[in-house]
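In: what follows is a predicted protein model with its sequence.
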Amino acid sequence: MTDFARARERMVDAHIARRGVRDRAVLEAMRTVPREMFVEPSLREFAYEDSPLPIGQGQTISQPYIVALMLEAAELGPGGRVLEVGAGSGYAAAVMSRIAARVYTIERHAALAEEAQRRLDTLGCGNVELRVGDGSCGWPEVAPFDAILVAAGAPEPPPALRRQLAIGGRLIVPVGDDGFGQRLRKIVRAGEHEYEEEDLGGVAFVPLIGEQGYAEDGRRAARHHVPGRAHGLDLPALVAQAAEPLPDPEDPEFALAFERFARARVVLLGESSHGTSEFYRARAAITRRLVEQHGFSIVAVEADWPDAAAVNRYVRHLPPRAGAERPFRRFPAWMWRNAETAALVEWLRARNAGRAPHEQAGFYGLDLYNLHGSIASVLGYLDRVDPEAAAVARERYGCLTPWQNAPATYGRAALSPGFARCEDAVVRQCRELLERRLDYAARDGEGFLDAAQNARLIASAERYYRAMYYGGAESWNLRDTHMFETLERLLAAHGPQSRALVWAHNSHVGDARHTEMGAAREELNIGQLCRERFGDEAVLVGFGTHIGTVAAASDWDGDMQIKRVRPSHRDSIERLCHDAGVPRFLLDLRPGRHEALRRRLLPLRLQRFVGVIYRPDTELQSHYATASLAQQFDAYVWFDETRAVAPLGPQHPAPSEPETCPFAL
């Protein structure tokens with residue numbers, strides 16, 4: 001069971017006080033209000049993580065640090081009267097009730113207001129008055145206020161709220177209309193007609209809907225500005241309007257829609273699961289077009305370097321390395337050992353036939369650390385010396401992506417005693433394994449991974465594996481940073497005009513800064529690093545689905561199963577796309593294309609992430625996180641219904657199996 005009191009203390013100390021909030025009244029109030037009461041029961045174990053959480057109606061409970069930051073900026077006092085616009089779950093009002101004399105809060109969603117009132121009553125917050133209405137117009141009957149806090153992003157500070165401030169009163173409001181979140185502003189009423197403003201930094205809130213905010217269709221209600229054809233459309237209708245229908249990936253017309261990205265230096269192609277056929281076939285179609293017609297020469301995938309190197313030798317008509325293992329034999333073998341990948345490999349080999357080496361396209365792995373082999377090494381050792389520690393390790397490795405917060409392991413306060421006892425031996429074993437694999441890479445690296453680079457990687461092995469062993473942001477950041485550096489070295493080795501296609505999970509491809517992993521956990525990824533390095537020459541493409549089947553396991557090192565994908569959550573990005581009613585489409589999310597839609601897609605919403613592990617029974621906790629789709633990707637590819645990849649095995653041979661075929665059995 002989660003120790004909520006301890007988690008609450010940790011939240012205040014680690015996520016709030018340590019980040020600079022000093023107001024003792026705010027810190028004490030947040031130590032006493034039980035945030036777990038203000039989230040859905042299924043999400044209570046996440047209540048004290050520093051991240052927003054969905055509460056229904058497309059709304060979220062704000063990140064604890066942002067709540068504290070806004071309250072401190074509001075300078076609440078024991079005799080103060082405060083107005084909150086956007087009651088949401090009621091959490092912020094409950095915190096303010098511990099500080100101010102009187103709290104007035106407005107919520108436009110009646111269902112949320114009813115639930116918030118119930119919670120406030122349960123906690124005995126008798127100094128809070130809540131009503132349903134348009135918060136952008138304030139509450140003039142009980143004005144003026146010493147402070148007004150707005151929990152939604154406005155196109156400009158609502159004039160009504162400014163007028164309802166007392167002299168000296170503070171308005172804290174997120175403001176922004178540029179498609180990239182908002183800036184948190186503090187506005188002090190210095191006189192009858194005088195206001196002073198201060199910028200408190202960047203934030204991302206849901207839009208302020210109302211007479212002096214935005215209309216439901218995304219237009220700026222305050223200025224009666226109608227962007228594009230958005231007037232009168234709900235969000236699924238806006239998605240449908242912007243959606244560009246796509247044929248089946250096998251249709252030659254499919255890849256034509258992606259010609260717009262042909263001038264990019266790097267095109268990153270995601271997937272919302274590692275076991276969905278449509279994602280592989282779509283990426284293969286795009287890859288064939290960009291390689292054949294536009295000179296892309298690097299196909300870099302989320303796979304171990306040694307395994308991909310064997311495939312690379314095959315597609316480039318090089319002899320196999322003597323004694324080399326068949327690639328992609330370890331868990332999760334189906335991720336790359338499937339008919340869809342094999343078809344692309346055969347196409348690359350046929351395309352490269354008769355061409356000079358510099359004209360060929362290669363197949364490369366970005367996971368230079370042989371991650372899966374190292375994990376197998378850890379598990380094998382722990383199985384022998386401490387099965388209980390091995391069980392803990394399997395759970396952790398089963399949730400390697402930051403999106404998969406499995407309830408069985410999320411937030412473990414301590415490892416089993418055996419885990420700590422085994423640490424040095426496990427790290428030593430991993431380091432020895434890495435040295436062997438990197439020695440192979442050094443002898444088979446085609447010149448661009450020189451001995452010095454291998455030496456640097458070996459030197460960093462201990463740090464990497466210790467971080468991976470214990471989990472957390474450091475291991476994720478080390479891995480994605482090294483994958484990005486491998487991509488950079490591939491581009492350098494292929495020359496200044498080289499261009500690359502990257503195949504990786506959405507959690508690696510989508511810009512982490514605009515997701516829960518970056519905002520709440522300080523994690524980065526390849527997509528973010530590519531944008532920072534290549535700017536507009538990096539294109540990030542996400543993929544999603546509503547329903548179907550997927551190839552996945554229930555636990556790390558478990559058997560692959562064909563599992564039924566649950567229908568997407570009602571508050572998710574996927575449900576918006578499903579409700580648009582277009583079975584396959586491309587959504588161009590770049591600035592200037594569909595601004596009304598982009599604005600509406602800025603707020604964080606639930607998004608589904610399935611890796612090699614899929615647990616339908618705990619899907620909301622295990623496979624959903626929040627992200628701002630409009631900023632996470634440059635484009636989004638949608639398949640309403642999908643099916644599992646076709647794994648290769650004794651009954652499912654590769655399309656062709658010459659003696660040198662890496663997928664031969």
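Out: Perfect, thanks for sending it.
In: would you map the helices across the stretch 1-150 of the chain?
Out: Per DSSP state H, counting those that start in this stretch, the stretch 1-150 of the chain carries helices over the ranges 4-10, 24-32, 64-74, 91-97, 110-122.
In: with distance to Gly168, mean neighbour count and mean pLDDT added, can I get those helices in JSON lines?
Out: The C-beta positions use only the backbone N, C-alpha and C, and glycine is treated the same way. Converted to JSON lines, the helices of the stretch 1-150 of the chain look like this (distance: least, C-beta to C-beta, whole Å; neighbours: other C-beta atoms under 10 Å; pLDDT from 0 to 100):
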{"stretch": "helix 4-10", "distance to Gly168": "33", "mean neighbour count": "15", "mean pLDDT": "91"}
{"stretch": "helix 24-32", "distance to Gly168": "18", "mean neighbour count": "18", "mean pLDDT": "96"}
{"stretch": "helix 64-74", "distance to Gly168": "12", "mean neighbour count": "24", "mean pLDDT": "94"}
{"stretch": "helix 91-97", "distance to Gly168": "18", "mean neighbour count": "27", "mean pLDDT": "97"}
{"stretch": "helix 110-122", "distance to Gly168": "28", "mean neighbour count": "17", "mean pLDDT": "95"}
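In: nearest to Pro496 among these would be which one?
Out: helix 64-74 (42.7 Å; C-beta to C-beta).
In: what helices and strands are in contact with that closest one?
Out: The contact analysis (3 or more C-beta pairs under 8 Å, 6 or more residues apart in numbering; DSSP states H and E) places helix 64-74 against helix 24-32, helix 91-97, strand 145-150, strand 165-175, strand 182-191, strand 194-203.
In: give me the neighbour count for the closest residue in space to Ser42 that isn't next to it in sequence.
Out: Counting by C-beta to C-beta, 6 or more residues apart in numbering, Leu620 is the residue found nearest to Ser42 once chain neighbours are left out, at 5.7 Å. The number of residues packed near Leu620 is 16, by other C-beta atoms under 10 Å.
In: I'd like the distance between Leu620 and Val173.
Out: Here Leu620 is placed at a distance of 31 Å from Val173 (C-beta to C-beta, to the nearest Å).
In: quickly find the element holding the nearest residue to Phe484 once chain neighbours are set aside.
Out: Spatial nearest neighbour of Phe484, chain neighbours left out: Leu529 (4.3 Å); criterion: C-beta to C-beta, 6+ apart. In the assignment (DSSP states H and E), Leu529 maps to helix 526-534.
In: the helix or strand just after that helix - what's its average pLDDT?
Out: Downstream of helix 526-534, the next assigned helix or strand under DSSP H and E is strand 538-552. Here strand 538-552 scores 97 as its mean pLDDT.
In: and the angle from strand 538-552 to helix 526-534?
Out: Strand 538-552 and helix 526-534 are oriented at 170 degrees to each other (axes from the mean of the first three to the mean of the last three C-alpha atoms, to 10 degrees).
In: and the following helix or strand past strand 538-552, how far out from the chain's middle?
Out: Next along the chain after strand 538-552, taking DSSP H and E as the criterion, comes strand 561-565. Chain-centre distance of strand 561-565: 23 Å, with C-alpha atoms, centre = their mean, to the nearest Å.
In: list of residues touching strand 561-565?
Out: The contact list for strand 561-565 (C-beta atoms under 8 Å, 6 or more residues apart in numbering) reads 273, 545, 547-554, 610, 614, 616, 642, 644.
In: would you indicate which residues of it are buried?
Out: Lys563, Val565 (16 or more other C-beta atoms under 10 Å).
In: next SSE after it?
Out: Downstream of strand 561-565 (by DSSP H and E), the next one is helix 573-579.
In: name the helices or strands packed onto that next one?
Out: Contact here means 3+ C-beta pairs under 8 Å, 6+ apart; on that basis helix 573-579 packs against helix 235-242, strand 538-552, strand 605-608, strand 635-642.
In: so which of those is nearest Asp579?
Out: Nearest to Asp579, of all the helices and strands packed on helix 573-579, is helix 235-242, at 3.8 Å by C-beta to C-beta.
In: quick one: mean pLDDT over the closest one.
Out: Averaged over helix 235-242, pLDDT sits at 91.
In: now it against strand 635-642, angle please.
Out: Using the same axes, to 10 degrees: helix 235-242 against strand 635-642 is 110 degrees.
In: show me what helix 235-242 is packed against.
Out: Taking 3+ C-beta pairs under 8 Å, 6+ apart as contact, the helices and strands that helix 235-242 lies on are helix 573-579, strand 584-588, helix 595-600.
In: still on that earlier bit, pull out the buried members of the contacts of strand 561-565.
Out: If you count burial by 16+ other C-beta under 10 Å, the buried members of the contacts of strand 561-565 come out as Ser273, Thr545, Gly548, Thr549, Val550, Ala551, Ala552, Ala553, Val610, Tyr614, Thr642, Ala644.
In: now do the contacts for the fourth one.
Out: Residues near Thr549 by C-beta under 8 Å, 6+ apart: Ile562, Lys563, Arg564, Val565, Thr642, Arg643, Ala644.
In: for those, which one is nearest Arg118?
Out: Among these, Val565 lies closest to Arg118 (C-beta to C-beta), at 34.1 Å.
In: how close does Ala29 get to Pro78?
Out: Ala29 sits 11 Å away from Pro78, going by C-beta to C-beta.
In: list the residues that contact both of the two?
Out: Contact with both Ala29 and Pro78 is made by residues Ile99, according to C-beta under 8 Å, 6+ apart.
In: outline the domain layout of the chain.
Out: Per automatic domain parsing, the structural domains of the chain span 4-203, 240-368+473-642.
In: got the ones you listed as CSV, with distance to Glu211 columns?
Out: Shown next, in CSV, are those (distance: least, C-beta to C-beta, whole Å):
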stretch, distance to Glu211
domain 4-203, 6
domain 240-368+473-642, 18
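In: so which of those comes closest to Leu648?
Out: With C-beta to C-beta, the closest approach to Leu648 among the domains of the chain belongs to domain 240-368+473-642: 5.0 Å.
In: ok, what's across the strand from Glu129?
Out: Beta-bridge partners recorded for Glu129 (DSSP bridges): Tyr104.
In: quick one: it from Phe145, how far?
Out: From Glu129 across to Phe145, the span is 12 Å (C-beta to C-beta).
In: neighbour count winner among the two?
Out: Set Glu129 next to Phe145 and count neighbours by other C-beta under 10 Å: Phe145 wins out with 26 against 16.
In: my guess is that one contacts Arg162. True?
Out: No: using C-beta atoms under 8 Å, Phe145 makes no contact with Arg162, being 11.0 Å away.
In: and the closest residue to Pro158 other than its chain neighbours, its phi and psi?
Out: Excluding the flanking residues, the one nearest Pro158 by C-beta to C-beta, 6+ apart is Gln212, at 3.8 Å. Gln212 adopts backbone torsions of phi -110, psi 30, taken as degrees, to the nearest 10.
In: what's the burial count for Gln212?
Out: Neighbour count of Gln212, defined by other C-beta under 10 Å: 21.
In: now swap in Arg351 and tell me
Out: A count of nearby residues for Arg351, using other C-beta under 10 Å, gives 16.
In: now the helix or strand it falls within, how far from the centre of its chain.
Out: Element membership for Arg351, per DSSP H and E: helix 339-352. Distance of helix 339-352 from the chain centroid (C-alpha atoms, centre = their mean) equals 30 Å.
In: if we can go back for a sec, got the helices and strands packed on helix 573-579 as CSV, with distance to Arg584 columns?
Out: Below are the helices and strands packed on helix 573-579 laid out as CSV (distance: least, C-beta to C-beta, whole Å):
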stretch, distance to Arg584
helix 235-242, 13
strand 538-552, 10
strand 605-608, 18
strand 635-642, 6
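In: which one of the helices and strands packed on helix 235-242 lies nearest to Asn477?
Out: Each of these has some distance to Asn477 by C-beta to C-beta; the shortest is helix 573-579, at 24.8 Å.
In: in that closest one, what counts as buried?
Out: By neighbour count on 16+ other C-beta under 10 Å, the buried set for helix 573-579 is Ile573, Glu574, Arg575, Leu576, Cys577, His578, Asp579.
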